[in-house]
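Undergrad: What follows is a protein structure lacking sequence information:
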């Protein structure tokens, strides 16, 4: 019997890759001066939250592989 743990994790990896791309794109555009982070506070908060989730995910994956 197959469980959810037996499925390939590719869609989930694509989601995390897309989150990373959004964070990198935001930093790139902010560095170019396309917008001021303090003028787009909602976007800034969303990207910071996404970056925190991405870091937590990668941190957890790092230590999960060591077990």
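TA: Arrived safely, thanks for sending. For clarity, every value in this text was computed on a predicted model and none was experimentally measured.

Undergrad: Strands of the protein, residue ranges please.
TA: For the chain, strands defined by DSSP state E do not occur.

Undergrad: quick one: the helices in it?
TA: Remark: helices assigned in the chain by DSSP state H are 10-32, 41-64.

Undergrad: Those helices into JSON lines, with extra columns for mean pLDDT and mean neighbour count?
TA: Any C-beta I mention is one placed from the backbone N, CA and C, and that applies to glycine too. Shown next, in JSON lines, are these (pLDDT from 0 to 100; neighbours: other CB atoms under 10 Å):
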{"stretch": "helix 10-32", "mean pLDDT": "91", "mean neighbour count": "12"}
{"stretch": "helix 41-64", "mean pLDDT": "91", "mean neighbour count": "12"}
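
Undergrad: so who does residue 51 touch?
TA: Residues in contact with residue 51 (CB atoms under 8 Å, 6 or more residues apart in numbering) are residue 23.

Undergrad: And it, how close does it get to residue 10?
TA: Noted for residue 51: a distance of 23 Å to residue 10, by CB to CB, to the nearest Å.
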